[in-house]
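K.L.:
Compute the structure for the input listed below.
(2 chains)
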Amino acid sequence: SQTIHQWPATLVQPVGSPLSLECTVEGTSNPNLYWYRQAAGRGLQLLFYSVGIGQISSEVPQNLSASRPQDRQFILSSKKLLLSDSGFYLCAWSGGAGYYQPQHFGDGTRLSIL
Amino acid sequence: GNSVTQMEGPVTLSEEAFLTINCTYTATGYPSLFWYVQYPGEGLQLLLKATKADDKGSNKGFEATYRKETTSFHLEKGSVQVSDSAVYFCALSDMNTGNQFYFGTGTSLTVIP
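P.N.:
Now for the predicted structure:
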(Lines give C-alpha, C1' and ligand atoms only; values in the text may rest on other atoms or scores of the structure.)
Protein backbone atom coordinates (compact mmCIF):
# COMPACT_ATOMS: atom_id res chain seq x y z
CA SER A 1 0.00 0.00 0.00
CA GLN A 2 1.02 3.59 -0.49
CA THR A 3 2.28 5.75 2.35
CA ILE A 4 3.41 9.33 2.64
CA HIS A 5 5.90 10.61 5.18
CA GLN A 6 6.56 14.17 6.22
CA TRP A 7 9.16 15.45 8.60
CA PRO A 8 9.74 17.03 10.93
CA ALA A 9 6.36 17.04 12.65
CA THR A 10 7.09 20.25 14.51
CA LEU A 11 9.65 22.96 13.86
CA VAL A 12 10.47 26.23 15.57
CA GLN A 13 12.72 28.57 13.61
CA PRO A 14 13.91 32.17 14.05
CA VAL A 15 13.08 34.82 11.49
CA GLY A 16 15.67 34.91 8.73
CA SER A 17 16.75 31.29 9.12
CA PRO A 18 16.59 28.74 6.28
CA LEU A 19 14.00 25.99 5.96
CA SER A 20 13.89 22.52 4.55
CA LEU A 21 10.83 20.28 4.85
CA GLU A 22 10.87 16.87 3.28
CA CYS A 23 8.15 14.61 1.99
CA THR A 24 8.49 11.12 0.57
CA VAL A 25 5.97 8.72 -0.87
CA GLU A 26 6.25 4.94 -0.89
CA GLY A 27 4.41 2.26 -2.80
CA THR A 28 3.70 4.18 -5.99
CA SER A 29 5.61 5.59 -8.92
CA ASN A 30 5.39 8.90 -10.77
CA PRO A 31 2.93 10.49 -8.34
CA ASN A 32 1.73 14.04 -8.55
CA LEU A 33 3.07 15.83 -5.48
CA TYR A 34 1.74 18.91 -3.71
CA TRP A 35 2.69 21.34 -0.94
CA TYR A 36 -0.07 23.19 0.88
CA ARG A 37 -0.04 25.69 3.73
CA GLN A 38 -2.83 25.96 6.25
CA ALA A 39 -2.90 29.04 8.45
CA ALA A 40 -4.52 28.68 11.86
CA GLY A 41 -8.27 28.20 11.48
CA ARG A 42 -8.10 28.68 7.74
CA GLY A 43 -8.41 26.58 4.62
CA LEU A 44 -5.72 25.16 2.41
CA GLN A 45 -3.48 27.24 0.19
CA LEU A 46 -1.75 25.40 -2.64
CA LEU A 47 1.90 26.44 -2.77
CA PHE A 48 3.53 24.10 -5.30
CA TYR A 49 2.75 21.01 -7.29
CA SER A 50 4.84 18.68 -9.39
CA VAL A 51 3.93 16.15 -12.06
CA GLY A 52 7.45 14.77 -12.46
CA ILE A 53 11.11 15.01 -11.47
CA GLY A 54 12.36 18.57 -11.81
CA GLN A 55 8.91 19.86 -12.81
CA ILE A 56 7.58 22.40 -10.33
CA SER A 57 4.59 24.71 -10.67
CA SER A 58 4.22 27.59 -8.25
CA GLU A 59 0.81 28.89 -7.33
CA VAL A 60 1.76 31.73 -5.03
CA PRO A 61 4.81 34.01 -5.40
CA GLN A 62 6.68 34.11 -2.11
CA ASN A 63 10.00 33.39 -0.50
CA LEU A 64 9.42 29.63 -0.58
CA SER A 65 10.65 27.21 -3.22
CA ALA A 66 10.15 23.54 -3.95
CA SER A 67 12.25 20.85 -5.55
CA ARG A 68 11.71 17.28 -6.66
CA PRO A 69 15.13 15.64 -6.88
CA GLN A 70 13.71 12.11 -7.05
CA ASP A 71 10.45 10.62 -8.26
CA ARG A 72 8.94 10.23 -4.80
CA GLN A 73 10.67 13.04 -2.92
CA PHE A 74 9.38 16.57 -2.60
CA ILE A 75 11.20 19.28 -0.66
CA LEU A 76 9.98 22.68 0.47
CA SER A 77 12.68 25.26 1.15
CA SER A 78 13.32 28.83 2.07
CA LYS A 79 16.54 30.81 2.30
CA LYS A 80 15.14 33.30 4.83
CA LEU A 81 11.98 32.69 6.78
CA LEU A 82 9.47 35.44 7.51
CA LEU A 83 7.04 35.65 10.40
CA SER A 84 4.22 35.18 7.89
CA ASP A 85 5.61 31.74 6.98
CA SER A 86 4.23 30.29 10.20
CA GLY A 87 1.57 27.66 9.63
CA PHE A 88 0.79 24.03 9.11
CA TYR A 89 2.45 22.60 5.99
CA LEU A 90 0.93 19.61 4.30
CA CYS A 91 2.36 17.41 1.60
CA ALA A 92 0.04 15.36 -0.58
CA TRP A 93 0.23 12.95 -3.49
CA SER A 94 -2.15 11.70 -6.12
CA GLY A 95 -1.85 8.94 -8.68
CA GLY A 96 -1.56 9.74 -12.37
CA ALA A 97 -3.33 12.44 -14.30
CA GLY A 98 -6.87 11.25 -13.71
CA TYR A 99 -8.96 14.01 -12.21
CA TYR A 100 -11.00 11.44 -10.31
CA GLN A 101 -7.94 10.41 -8.31
CA PRO A 102 -8.06 11.68 -4.72
CA GLN A 103 -5.17 13.40 -3.03
CA HIS A 104 -3.62 11.68 -0.01
CA PHE A 105 -2.07 13.79 2.72
CA GLY A 106 0.81 13.43 5.11
CA ASP A 107 0.51 14.25 8.79
CA GLY A 108 1.85 17.77 8.32
CA THR A 109 4.59 19.94 9.79
CA ARG A 110 3.72 22.61 12.33
CA LEU A 111 6.11 25.53 11.65
CA SER A 112 6.43 28.36 14.15
CA ILE A 113 8.58 31.38 13.38
CA LEU A 114 9.94 33.39 16.30
CA GLY B 1 -13.12 29.20 -12.86
CA ASN B 2 -13.38 26.44 -10.29
CA SER B 3 -14.41 27.04 -6.71
CA VAL B 4 -15.99 25.36 -3.72
CA THR B 5 -18.23 27.05 -1.17
CA GLN B 6 -18.91 25.48 2.20
CA MET B 7 -21.28 26.54 4.92
CA GLU B 8 -19.71 28.68 7.57
CA GLY B 9 -18.93 27.09 10.90
CA PRO B 10 -18.41 26.31 13.57
CA VAL B 11 -21.17 23.74 13.94
CA THR B 12 -22.01 22.36 17.39
CA LEU B 13 -24.29 19.35 17.74
CA SER B 14 -25.35 17.03 20.48
CA GLU B 15 -24.43 13.38 20.19
CA GLU B 16 -26.83 11.39 17.97
CA ALA B 17 -28.03 14.52 16.17
CA PHE B 18 -28.37 14.68 12.38
CA LEU B 19 -25.57 16.40 10.52
CA THR B 20 -25.64 18.33 7.26
CA ILE B 21 -22.71 20.34 5.97
CA ASN B 22 -23.54 22.16 2.77
CA CYS B 23 -21.15 22.30 -0.16
CA THR B 24 -21.73 23.86 -3.56
CA TYR B 25 -19.30 24.13 -6.41
CA THR B 26 -18.48 25.89 -9.64
CA ALA B 27 -16.53 24.03 -12.27
CA THR B 28 -15.51 24.70 -15.85
CA GLY B 29 -15.55 21.04 -16.76
CA TYR B 30 -17.01 17.88 -15.30
CA PRO B 31 -15.64 17.59 -11.78
CA SER B 32 -15.02 14.82 -9.31
CA LEU B 33 -16.08 15.72 -5.77
CA PHE B 34 -14.54 14.78 -2.45
CA TRP B 35 -15.01 15.21 1.28
CA TYR B 36 -11.99 15.20 3.56
CA VAL B 37 -11.82 15.18 7.36
CA GLN B 38 -9.07 16.71 9.48
CA TYR B 39 -8.72 15.78 13.13
CA PRO B 40 -6.82 18.20 15.41
CA GLY B 41 -3.11 18.33 14.64
CA GLU B 42 -3.34 15.88 11.76
CA GLY B 43 -3.38 15.92 7.98
CA LEU B 44 -6.48 15.54 5.85
CA GLN B 45 -8.02 12.12 5.35
CA LEU B 46 -10.21 11.22 2.42
CA LEU B 47 -13.70 10.56 3.75
CA LEU B 48 -15.64 9.87 0.55
CA LYS B 49 -15.81 10.74 -3.11
CA ALA B 50 -18.11 10.78 -6.12
CA THR B 51 -16.97 10.99 -9.71
CA LYS B 52 -20.18 11.46 -11.69
CA ALA B 53 -23.65 12.90 -11.35
CA ASP B 54 -26.03 11.06 -8.99
CA ASP B 55 -23.18 9.03 -7.49
CA LYS B 56 -23.40 8.65 -3.74
CA GLY B 57 -20.19 8.44 -1.78
CA SER B 58 -20.35 6.88 1.65
CA ASN B 59 -17.99 5.95 4.46
CA LYS B 60 -18.21 5.58 8.26
CA GLY B 61 -21.89 6.53 8.24
CA PHE B 62 -21.30 9.70 6.22
CA GLU B 63 -22.93 10.17 2.83
CA ALA B 64 -22.90 12.74 0.06
CA THR B 65 -24.67 12.71 -3.30
CA TYR B 66 -23.29 14.42 -6.39
CA ARG B 67 -26.10 16.70 -7.58
CA LYS B 68 -25.28 18.21 -10.93
CA GLU B 69 -28.56 20.10 -11.25
CA THR B 70 -27.91 22.02 -8.03
CA THR B 71 -24.08 21.84 -8.23
CA SER B 72 -24.02 20.51 -4.68
CA PHE B 73 -22.34 17.77 -2.66
CA HIS B 74 -23.76 18.07 0.84
CA LEU B 75 -22.31 15.89 3.59
CA GLU B 76 -24.78 14.08 5.87
CA LYS B 77 -24.71 11.72 8.80
CA GLY B 78 -27.73 10.40 10.58
CA SER B 79 -26.30 10.20 14.09
CA VAL B 80 -23.07 11.95 14.99
CA GLN B 81 -20.68 10.84 17.70
CA VAL B 82 -18.19 12.77 19.81
CA SER B 83 -15.43 11.15 17.76
CA ASP B 84 -16.76 12.92 14.64
CA SER B 85 -15.55 16.26 16.00
CA ALA B 86 -13.18 17.55 13.33
CA VAL B 87 -12.89 19.97 10.42
CA TYR B 88 -14.54 18.86 7.18
CA PHE B 89 -13.39 20.02 3.75
CA CYS B 90 -15.24 19.75 0.48
CA ALA B 91 -13.06 19.62 -2.64
CA LEU B 92 -13.24 19.19 -6.38
CA SER B 93 -10.94 18.29 -9.20
CA ASP B 94 -11.81 19.07 -12.76
CA MET B 95 -11.02 17.21 -15.95
CA ASN B 96 -9.64 20.45 -17.36
CA THR B 97 -7.28 21.00 -14.45
CA GLY B 98 -6.73 17.42 -13.32
CA ASN B 99 -3.58 18.06 -11.32
CA GLN B 100 -5.13 20.60 -9.00
CA PHE B 101 -7.72 20.38 -6.29
CA TYR B 102 -9.97 23.18 -5.17
CA PHE B 103 -10.84 23.10 -1.50
CA GLY B 104 -13.53 24.80 0.49
CA THR B 105 -12.54 26.75 3.57
CA GLY B 106 -13.53 23.94 5.92
CA THR B 107 -16.33 23.53 8.45
CA SER B 108 -15.50 22.86 12.07
CA LEU B 109 -17.80 20.36 13.80
CA THR B 110 -17.95 19.86 17.55
CA VAL B 111 -20.13 17.10 18.95
CA ILE B 112 -20.98 17.34 22.64
CA PRO B 113 -22.05 14.37 24.78
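K.L.:
Chain B: strands as residue ranges?
P.N.:
B:3-6, B:11-14, B:19-21, B:23-26, B:32-38, B:44-50, B:56-59, B:62-65, B:75-77, B:86-93, B:101-103, B:107-112 (DSSP state E).
K.L.:
One more: chain A?
P.N.:
Going by DSSP E, chain A shows strands at A:3-7, A:10-13, A:19-26, A:31-38, A:44-52, A:55-58, A:64-70, A:73-78, A:87-95, A:104-105, A:109-113.
K.L.:
For chain B, see how far away the closest residue to A:Asp85 other than its chain neighbours is.
P.N.:
Closest residue to A:Asp85 apart from its sequence neighbours, by Cβ to Cβ, 6 or more residues apart in numbering or on different chains: A:Ile113 at 5.6 Å. Just so you know, the C-beta spots here come from the backbone N, C-alpha and C atoms, and that holds for glycine as well. A:Ile113 sits 18 Å away from chain B, going by Cβ to the nearest Cβ, to the nearest Å.
K.L.:
dump the residue contacts of A:Ile113.
P.N.:
A:Val12, A:Gln13, A:Pro14, A:Val15, A:Leu81, A:Leu82, A:Leu83, A:Ser84, A:Asp85, A:Ser86 (Cβ atoms under 8 Å, 6 or more residues apart in numbering or on different chains).
K.L.:
Could you verify my assumption that the second one touches A:Leu111?
P.N.:
Yes: judged on Cβ atoms under 8 Å, A:Gln13 makes contact with A:Leu111 at a distance of 6.9 Å.
K.L.:
Mutual contacts of those two, please.
P.N.:
Contacts common to A:Gln13 and A:Leu111, judged by Cβ under 8 Å, 6+ apart, are A:Leu19.
K.L.:
out of these two, which sits in the more crowded spot?
P.N.:
The residue with more neighbours, out of A:Gln13 and A:Leu111, is A:Leu111; 21 against 16, by other Cβ atoms under 10 Å in any protein chain shown.
K.L.:
What score does that one have for pLDDT?
P.N.:
As predicted, A:Leu111 sits at a pLDDT of 95.
K.L.:
any chance of the contacts of A:Ile113 in JSON lines, with pLDDT too?
P.N.:
Shown next, in JSON lines, are the contacts of A:Ile113 (pLDDT from 0 to 100):
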{"residue": "A:Val12", "pLDDT": "97"}
{"residue": "A:Gln13", "pLDDT": "96"}
{"residue": "A:Pro14", "pLDDT": "97"}
{"residue": "A:Val15", "pLDDT": "97"}
{"residue": "A:Leu81", "pLDDT": "95"}
{"residue": "A:Leu82", "pLDDT": "94"}
{"residue": "A:Leu83", "pLDDT": "94"}
{"residue": "A:Ser84", "pLDDT": "91"}
{"residue": "A:Asp85", "pLDDT": "93"}
{"residue": "A:Ser86", "pLDDT": "93"}
